[in-house]
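Novice: could you work out the structure for the sequence below:
(one chain, ligands or ions: 1)
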Amino acid sequence: MIVGDVLVLNATYEPLSVVSVKRAVVLLLKEKAEIVEAAAAKLRSENLALPVPLVIRLVYFVKIPRRISLPVTRRGVLSRDHYTCQYCGVSPPRKHLTVDHVLPRSRGGKTTWENVVTACEKCNGRKGSRTPAEANMHLLTEPRRPRYIAIAALSSSEARQAWSKYMWE
Ligand SMILES: [Zn+2]
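Specialist: Prediction:
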């Protein structure tokens, strides 16, 4: 039994959802989807050998009624930033990572994907209630809202890598 999650892309290559490997295989066998990225491992049964899908693409376009909301969470911010301090680039144990408001909350900064970044305790302390410019600190990457599925299931590093191309707006 293969455990894992498969990223489903719309016909336009936009991320749509995350499904189980089992569900993905059903879509593939019914020719409703095609494999875009696959793992090295193979799924085997009596009369079938199929690469384990990591990313599949629907053959037919599915209309998305509205943008799905993605709440900002500590776990989400940390995984978006690859557990790396966005000021100095260190990757300490997770418990030593904090979520920093780029424009501090005390200055009206909101908790949005575009205004929060992962920071190590040292950088967060150093920055205090200043903006990066005031503290003479620079962000390694501009914080963005990830695709809603980006955080959904970071099951394996192989999947994460295969998904990363499709994660951003
Ligand atoms: Zn740091």
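Novice: dump the residue contacts of residue 90.
Specialist: Contacts for residue 90 (C-beta atoms under 8 Å, 6 or more residues apart in numbering) come out as 84, 120. Backbone N, C-alpha and C define where each C-beta goes, glycine included.
Novice: check which helix or strand covers it.
Specialist: If you go by DSSP states H and E, residue 90 is not part of any helix or strand.
Novice: and it, how far from the ion?
Specialist: In this view, residue 90 and the ion are 5 Å apart by C-beta to the ion, to the nearest Å.
Novice: now stretch 17-27: average pLDDT?
Specialist: Here stretch 17-27 scores 86 as its mean pLDDT.
Novice: CA-only coordinates of it in PDB, if you can.
Specialist: Extracted in PDB, the C-alpha atoms of stretch 17-27 (Å, rounded to 0.1, in the frame of the first residue of the first chain):
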ATOM      1  CA  SER A  17      -6.400  19.800  -5.200                       C
ATOM      2  CA  VAL A  18      -4.600  17.100  -3.400                       C
ATOM      3  CA  VAL A  19      -5.800  13.500  -3.700                       C
ATOM      4  CA  SER A  20      -4.600  10.100  -2.500                       C
ATOM      5  CA  VAL A  21      -2.400   8.000  -4.700                       C
ATOM      6  CA  LYS A  22      -5.300   5.500  -5.000                       C
ATOM      7  CA  ARG A  23      -7.700   8.200  -6.300                       C
ATOM      8  CA  ALA A  24      -5.000   9.500  -8.700                       C
ATOM      9  CA  VAL A  25      -4.500   6.100 -10.100                       C
ATOM     10  CA  VAL A  26      -8.300   5.800 -10.700                       C
ATOM     11  CA  LEU A  27      -8.200   9.100 -12.600                       C
END
